[in-house]
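1. no FASTA, just this:
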């Protein structure tokens, strides 16, 4: 179970990517403006899948993370993406988890091996996934009491 929010995982990932990107890289979120700068990285909203545990109130979200490296040509965009991917692989695909204040918590979380793919001229996408496990928020309603679990048979 995690006391770290999903937003902190996503924020930690973005901070890591920007820290290992080429100096002067601009970041965009939600959508890329028509007059975007290069080099830049676009961070769309991650896609998630949720799976429920068999017991208890725990569930896991698999976060499918993608970011797009934008440059003047595909070779440069690919080189920028490879620089970040190589740093991730060098760090054994562990992203340091940050607090909401941006300080390191002292532990990290695993991501899948990042994959790169050219999506358009001057545009290379990097995709990977990670799991975020959390506990369901359970409404504290009335508790059942005085229930007998005995079984009687017909005679």
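-> Yes, it's here. Quantities reported herein were computed from a predicted structural model and do not represent experimental measurements.

2. surely residue 37 touches residue 28?
-> No: at 9.0 Å, residue 37 and residue 28 do not qualify as touching, with contact defined as Cβ atoms under 8 Å. Any C-beta I mention is one placed from the backbone N, CA and C, and that applies to glycine too.

3. list the contacts of the least confident helix or strand in the chain by mean pLDDT.
-> One helix or strand of the chain scores below all others by mean pLDDT, DSSP states H and E: strand 47-52, with a mean of 88. Here strand 47-52 makes contact (Cβ atoms under 8 Å, 6 or more residues apart in numbering) with 6, 59-64.

4. who has more neighbours, residue 37 and residue 28?
-> residue 28 (17 against 11; other Cβ atoms under 10 Å).

5. which residue, other than its chain neighbours, is closest to residue 97?
-> residue 105 (4.7 Å; Cβ to Cβ, 6 or more residues apart in numbering).

6. next one: residue 127
-> residue 66 (4.7 Å).

7. verify the stated contact: that neighbour with residue 125.
-> Yes: if you go by Cβ under 8 Å, residue 66 and residue 125 touch, sitting 5.9 Å apart.

8. biggest helix in the chain, by residue count?
-> The longest helix of the chain (DSSP state H) is helix 74-90.

9. contact partners of that helix?
-> So helix 74-90 is contacted by 16-17, 20-22, 25, 38-39, 41, 69-71, 95, 111, 113-114, 116, 118, 121-126, 128 (Cβ under 8 Å, 6+ apart).

10. within its sheet, name the partner strands of the helix or strand following it and how each one runs.
-> Sequence-wise, the next helix or strand downstream of helix 74-90 (DSSP states H and E) is strand 94-98. For strand 94-98, the pairing partners within the sheet under DSSP bridges are strand 104-110 (antiparallel).
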